[in-house]
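K.L.:
I would like the atomic coordinates for the input below:
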Amino acid sequence: MLIPILSVENKEDYLNRLKRPDLGELADSLPSSSVTIPLFGRAMKPEETVRAIIKKVKDEKDQGVKEIAKVLDNFTGESLIYRPSEKAYKKVSCEFISALRTSIARIKSFHQKQLPQSFFTEEEGITLGWRIRPVKRAGLYVPGGTAPLVSSLLMTAIPALVAGVSEIIVATPTKEAGLAPEIEVAALELGINHILPVGGAQAIAALAYGTESTPKVDVIAGPGNLFVTLAKKEVYGTVGIDMLAGPSEILVIADEKADPKLLAADLLSQAEHDKEAAAILVTTSKEIAVNVVGELERQLEQLPRKEYALASLKNHGAAIVVPNLQTAAVIANEIAPEHLEVQVANIDEVLPYLENAGAIFLGSFASEPLGDYILGPNHVLPTSGTARFASPLSVNTFIKASSLLKVNKTGYEKVGPSAAILAEVEGLRAHQEAVLRRQEL
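P.N.:
Just a heads-up that it's a prediction; the model follows:
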């Protein structure tokens, strides 16, 4: 059987199937790589490689970035600033441009509703405030694997633009033929004109510390491979980051009326991402579980990325049969998945009990890939159970707040004595004096 069918009593079995090495464990498990020998004179493990790359970029700036990118990514360019060209419009279809603009409009509309408001409160002698401001400069990472990930650019850039970020730099590796025209067109549609044409840890280091051609940013957002994620972890504190995302995951809650073909298709939509992706079905029907397993086997044969999906399902796939939807919600909350689909006849039977998920898709038409591309909410989501405390990438990723405190003599006389007493209790004499000396004003 492609994936096991488990009962709710087999808690350890399905939790063990979800277990994947965390970032540090994964990095430690990989052998030293010889690709670093031309750069650093010896083979290195991932974390050591990332630290060496960051140091080289900090020390040598543009020249260091170029040398690293040439060895690791076959970078052949001379400039580390790429300006999108209007000529790219001629290389893409009208249908793509239309779909792109629809997606931009929907994502922008959704994220505009997230904008928090500054506020002020007044009492006699005291004015207090909460002032919201965007960061000045954001760096966005867009992976450059086998296909142009336009959606990654949209989902990171639009919240930044809505937040009011004035400068955006997009880092994405380029191929020999240059930047994918779809990415260029998307950048032009968003008004982005500064692209760093390299990827990997070297791009993260350039964004975090700055070089001659790449100004230092305040926040870095966007998904990437192990080396990108390790680099984001390493530079956090120097800059802000969105999150440390792991492999994709989906959990689908289904009752006896759900369509096994649709359930299997949605599970595979995430399994094809990565061999470490997780795809879990939680259902009240043993018959549905059996039928979904059969559908997975049939649909798998049609996928170009069959190798990835098959490994994902074998390693991290499962169907869990539960007695009722409330139990399904308990399991979902415990797993806290990145994507949670609810395909049941009465959504109200389960929705009130759901607490932990990056994004919740309701109903048989709400397929997860619609959220990836077109619906509007962000697809950069917390993974690996972090939805227990973390949220999707949003406008809040690119803003910061300052408290404002204004006090006149009347306000000081109202609160000063209490502040002085608290400072005395804590043994902080200078704090106390700073308060009391204003009695003389």
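K.L.:
how about the CA coordinates for the helix or strand of the chain with the lowest mean pLDDT, as CSV?
P.N.:
Every helix and strand in the chain was compared by mean pLDDT, DSSP states H and E; the lowest is helix 11-18, with a mean of 86. Output of helix 11-18 as CSV, limited to C-alpha atoms (Å, rounded to 0.1, in the frame of the first residue of the first chain):
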residue,chain,number,x,y,z
LYS,A,11,-1.0,8.3,17.3
GLU,A,12,2.7,7.6,17.5
ASP,A,13,2.6,6.0,14.0
TYR,A,14,1.3,9.0,12.2
LEU,A,15,3.3,11.5,14.3
ASN,A,16,6.4,9.5,13.4
ARG,A,17,5.6,9.7,9.7
LEU,A,18,5.4,13.5,10.1
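K.L.:
Poorly predicted segments of the stretch 51-200 of the chain, please.
P.N.:
Applying pLDDT under 70 to the stretch 51-200 of the chain picks out residues 145-146, 177.
K.L.:
need the strands for it, in chain order.
P.N.:
Using DSSP state E, counting those that start in this stretch, the strands of the stretch 51-200 of the chain run over 119-123, 126-134, 137-141, 167-171, 195-196.
K.L.:
Identify each of the helices in the stretch 101-250 of the chain and give its residue range.
P.N.:
Secondary structure of the stretch 101-250 of the chain (DSSP state H, counting those that start in this stretch): helices located at 150-163, 181-190, 200-209, 226-235.
K.L.:
Quick one: closest of those helices to residue 314.
P.N.:
With CB to CB as the criterion, residue 314 lies closest to helix 226-235 of these, at 21.2 Å. C-beta: built from backbone N, CA, C; applies to glycine.
K.L.:
mind listing what's buried in that closest one?
P.N.:
226, 227, 228, 229, 230, 231, 232, 233, 234, 235 (16 or more other CB atoms under 10 Å).
K.L.:
Please enumerate residues in contact with stretch 413-426?
P.N.:
Here stretch 413-426 makes contact (CB atoms under 8 Å, 6 or more residues apart in numbering) with 124, 125, 126, 407, 429, 431, 432, 435, 436, 438, 439.
K.L.:
which one among the buried residues of helix 226-235 gets closest to residue 301?
P.N.:
Using CB to CB, residue 226 is the member of the buried residues of helix 226-235 that sits closest to residue 301, with 29.7 Å.
K.L.:
Tell me which residues touch the closest one, please.
P.N.:
23, 26, 27, 30, 46 are the contacts of residue 226 under CB under 8 Å, 6+ apart.
K.L.:
pLDDT score assigned to the closest residue to the second one other than its chain neighbours?
P.N.:
Okay, so that is residue 26. In this structure, residue 26 finds its nearest non-sequential neighbour in residue 226, 6.4 Å apart by CB to CB, 6 or more residues apart in numbering. The score at residue 226 is 93. That number is its pLDDT.
K.L.:
From residue 245, how far out is residue 226?
P.N.:
The spacing between residue 226 and residue 245, counted by CB to CB, to the nearest Å, is 11 Å.
K.L.:
buried residues in the lengthiest helix in the chain?
P.N.:
Identified as the longest helix of the chain according to DSSP state H is helix 46-73. Neighbour counts over helix 46-73 (16+ other CB under 10 Å) mark 46-54, 56-58, 61-62, 64-69, 71-73 as buried.
K.L.:
now do stretch 135-148
P.N.:
For stretch 135-148, a neighbour-count test (16+ other CB under 10 Å) marks 135, 137, 138, 139, 140, 141, 142, 143, 144, 148 as buried.
K.L.:
could those go into JSON lines alongside distance to residue 99?
P.N.:
What follows is the buried residues of stretch 135-148, written out as JSON lines (distance: CB to CB, whole Å):
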{"residue": "135", "distance to residue 99": "30"}
{"residue": "137", "distance to residue 99": "30"}
{"residue": "138", "distance to residue 99": "25"}
{"residue": "139", "distance to residue 99": "26"}
{"residue": "140", "distance to residue 99": "21"}
{"residue": "141", "distance to residue 99": "23"}
{"residue": "142", "distance to residue 99": "18"}
{"residue": "143", "distance to residue 99": "20"}
{"residue": "144", "distance to residue 99": "21"}
{"residue": "148", "distance to residue 99": "13"}
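K.L.:
That concludes my questions; thank you for your assistance.
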